[in-house]
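Novice: Fold the following and give me the result.
(chains A and B)
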Amino acid sequence: MKKKGLSTKDVVAIGIGAAVFLILFKFIAIPTGIPNTQINVAQSWLSLLSVIFSPIVGFFVAIIGHSLNDAISYGSVWWSWVIADGIYALIFAVLVKRANLLQGKLTAFKLIWFNISQAIANVIAWLVVAPILDILIYAEPANKVFLQGGLSVVVNIISTAIIGTTLVSLYIKNKGQQELLRKED
Amino acid sequence: MTDFLGYQDRDSVIHRLNATSKLLVFLLLTVAGILSFDIRFLLLLTVFAGFVLYLSKISWRSIRILVYLTVVFALLNLVLIYVFAPQYGVELYHDKTILLGSGYYALTSQQLFYELLVLLKYCFSVPLSLAFLLTTQPSQLAAGLNRVGISYKIAYAFSLTLRYLPTIQNEFQTTKKVQEARGFALGKKASLGKKMMASTRLLLSLAFSTLEKVETISEAMALRRFGKKRKRTWYYSQKWRLPDWLALTMGILLLLLAVWLVSIDGGRFWNPFR
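Specialist: Residues are numbered from 1 along each chain as shown, chains lettered A, B, ... in the order given. Modelled structure (predicted):
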């Protein structure tokens, strides 16, 4: 069953997942009132993909989706944040896989685990990876990039906790119902 | 697809280069421009990128809005840097020449010089990316990605993304209208809670239909034996001609120049105040 490398389904999930990621990234940004910080729905989509597919799928969805969005809507790619987004998907997927969200019933523990994973991944990606890469790649002042990172962490954790948790729990419930239907016929 | 930049079919020197060489030159120059904080090199690179954009015959009208947006974004970033680290230039250049004011927010020529460098980074990267993106056909780009050593599965995923962008965008707009008709608007007037609710619903229906699409498309591809071999050929792969080799040589030379400047400047920053 297990084969080395990406399966055909993984390839398609990366390709179309990245297109959805980009559209969400570009068209749904809910302003929070603080300049330059928006509630990002794309991150929740990334979290759902990470629950369903392997960590590498989420990684490439984030890298392709984010860099392509930067390129076609700003004309230049902000590489440090692109890489940080990829790292988020990777860490989150590795952590969340331990709870086996897709097997059996949806329990409170699973949802708590989902949120602990996203919080850890967000902190590492936006408070460690992104600012450090900003300093290394773009030689930006440290306090500025750490403040930007800190704001992103707070906004991302809250929005994934609300939107991401809803999305994942509905997906799991829906999947469970489909399996019940299949058993009956 | 009015909101996005896309390939513009024209006939120019830059269009005639093959996607692989363009991708390589783009990457080489991006690395060079990121590496160097030497103003002489960044000016050279900016002039070069501007010239390439001029050669590519892209109309100003098609990129105008994007350029204005980028200018606003760049200025905002410069202001943010000044607000959070007004003496960062002093730290970098170990010298302090006060031009205006006093105290923590005193304007120094070192700070101005540093912010000018940050601005120059936008000035080279935007024309360069535009010249690259708008002259390269997406399918050729996917073939080009594979040529520079990226696994063909990833290259294929990338071309799937480009292929499905318009489809997904359409579906997104339709779903949005359906939700609005049901009373879940994402408009400017709605409260934060309502917007969260509306976007969650939007995301839900988009997510389920996308996952279904993934199933169908991957089955269709599996039937056509996608991914059974280690390599694949590309309908859009192109030959290397003399201009491609020239462009690649120029890219390599510019990167080497950047590396050489780092070694003689004793770091990524060139210090004119010393």
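Novice: contacts and neighbour counts: CA atoms only from here.
Specialist: OK.
Novice: for chain B, what are the nearby residues on chain A?
Specialist: A:6-9, A:11-20, A:23, A:28, A:30, A:32, A:41, A:45, A:64, A:71-76, A:137-138, A:140-141, A:143-144, A:163, A:166-167 (Cα under 8 Å from any Cα of the partner chain).
Novice: nearest residue to the residue sitting nearest the centre point of chain A other than its sequence neighbours?
Specialist: The centroid of chain A falls nearest to residue A:46 when counting by Cα atoms, centre = their mean (3.3 Å). Using Cα to Cα, 6 or more residues apart in numbering or on different chains and skipping the chain neighbours, the partner closest in space to residue A:46 is residue A:58 (6.2 Å).
Novice: so where does the one you found fall, helix or strand?
Specialist: In the assignment (DSSP states H and E), residue A:58 maps to helix A:55-74.
Novice: Can you name the next helix or strand after that helix?
Specialist: Helix A:55-74 is succeeded, C-terminally, by helix A:79-96 (DSSP H and E).
Novice: since we're on the residue nearest to residue A:46, how many residues are nearby?
Specialist: Around residue A:58 there are 32 other residues, counting by other Cα atoms under 10 Å in any protein chain shown.
Novice: before we move on, what about the one 5 residues further on?
Specialist: For residue A:63, the neighbour count with other Cα under 10 Å is 23.
Novice: Identify the residues contacting the nearest residue to residue B:222 once chain neighbours are set aside.
Specialist: In this structure, residue B:222 finds its nearest non-sequential neighbour in residue A:8, 6.6 Å apart by Cα to Cα, 6+ apart. Contact partners of residue A:8, counting by Cα atoms under 8 Å, 6 or more residues apart in numbering or on different chains, are B:218, B:221, B:222, B:226, B:227.
Novice: related to what we said a few turns ago, residues touching the residue nearest to residue A:46, list them.
Specialist: Taking Cα under 8 Å, 6+ apart, we find residue A:58 in contact with A:14, A:46, A:47, A:49, A:50, A:86, A:89, A:90, A:93.
Novice: Is the first one within a helix or a strand, and which one?
Specialist: Just to be clear, that refers to residue A:14. helix A:8-27.
Novice: now that helix, how far from the chain's geometric center?
Specialist: 12 Å (Cα atoms, centre = their mean, to the nearest Å).
Novice: Quick check: buried residues in it?
Specialist: Neighbour-count burial for helix A:8-27 flags A:8-26 (criterion: 16 or more other Cα atoms under 10 Å in any protein chain shown).
Novice: next one: phi and psi at residue B:77?
Specialist: Main-chain torsions, residue B:77, degrees, to the nearest 10: phi -60, psi -40.
Novice: distance of it from chain A?
Specialist: 10 Å (Cα to the nearest Cα, to the nearest Å).
Novice: count of neighbours near that residue?
Specialist: 16.
Novice: hey, where'd the strands end up in the stretch 101-250 of chain B?
Specialist: B:107-108 (DSSP state E, counting those that start in this stretch).
Novice: where does it come near chain A, residue by residue?
Specialist: The stretch 101-250 of chain B has residues B:122, B:125-127, B:129-130, B:133, B:153-154, B:156-162, B:164-165, B:168-169, B:172, B:192, B:195-196, B:199-200, B:203-204, B:207, B:210-211, B:214-215, B:217-219, B:221-222, B:226-227 near chain A, with proximity defined as Cα under 8 Å from any Cα.
Novice: So which elements touch the strand or helix carrying residue B:67?
Specialist: According to DSSP H and E, residue B:67 maps onto helix B:60-84. In this structure, helix B:60-84 makes packing contacts with helix A:55-74, helix A:142-159, helix B:109-133, judged by 3 or more Cα pairs under 8 Å, 6 or more residues apart in numbering or on different chains; DSSP states H and E.
Novice: quick one: contacts for the residue nearest to residue A:9 when sequence neighbours are not counted?
Specialist: With Cα to Cα, 6+ apart as the criterion, residue A:9 has its nearest non-adjacent residue at 5.0 Å, and that residue is residue B:218. Shown in contact with residue B:218 (Cα under 8 Å, 6+ apart): A:8, A:9, A:12.
Novice: need the residues you listed in JSON lines with pLDDT, can you?
Specialist: Formatted as JSON lines, the contacts of residue B:218 follow (pLDDT from 0 to 100):
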{"residue": "A:8", "pLDDT": "89"}
{"residue": "A:9", "pLDDT": "91"}
{"residue": "A:12", "pLDDT": "94"}
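Novice: Would you list the phi and psi of residue B:98?
Specialist: Residue torsions, per degrees, to the nearest 10, at residue B:98 are phi -80, psi 130.
Novice: Correct me if wrong: it contacts residue B:105.
Specialist: No - Residue B:98 is beyond contact range of residue B:105, at 10.2 Å (criterion: Cα atoms under 8 Å).
Novice: The closest residue to residue B:171 other than its chain neighbours - how many residues pack around it?
Specialist: Of all residues not flanking residue B:171 in the chain, residue B:206 sits nearest, at 7.7 Å (Cα to Cα, 6+ apart). Other residues lying near residue B:206 total 19 when counted by other Cα under 10 Å.
Novice: what pLDDT does residue B:206 get?
Specialist: pLDDT, residue B:206: 90.
Novice: just for chain A, where's the confidence low?
Specialist: Residues of chain A that meet the criterion pLDDT under 70 lie in A:1-4, A:32-37, A:176-185.
Novice: Most proximal residue of it with respect to chain B?
Specialist: With Cα to the nearest Cα, the shortest gap between chain A and chain B falls at residue A:15, namely 4.1 Å.
Novice: Can you give me the neighbour number for residue B:164?
Specialist: Neighbour number of residue B:164 under other Cα under 10 Å is 18.
Novice: per-residue confidence for it?
Specialist: 88.
Novice: hang on, isn't it packed against residue A:17?
Specialist: No - contact criterion Cα under 8 Å: residue B:164 and residue A:17 do not qualify, at 9.6 Å.
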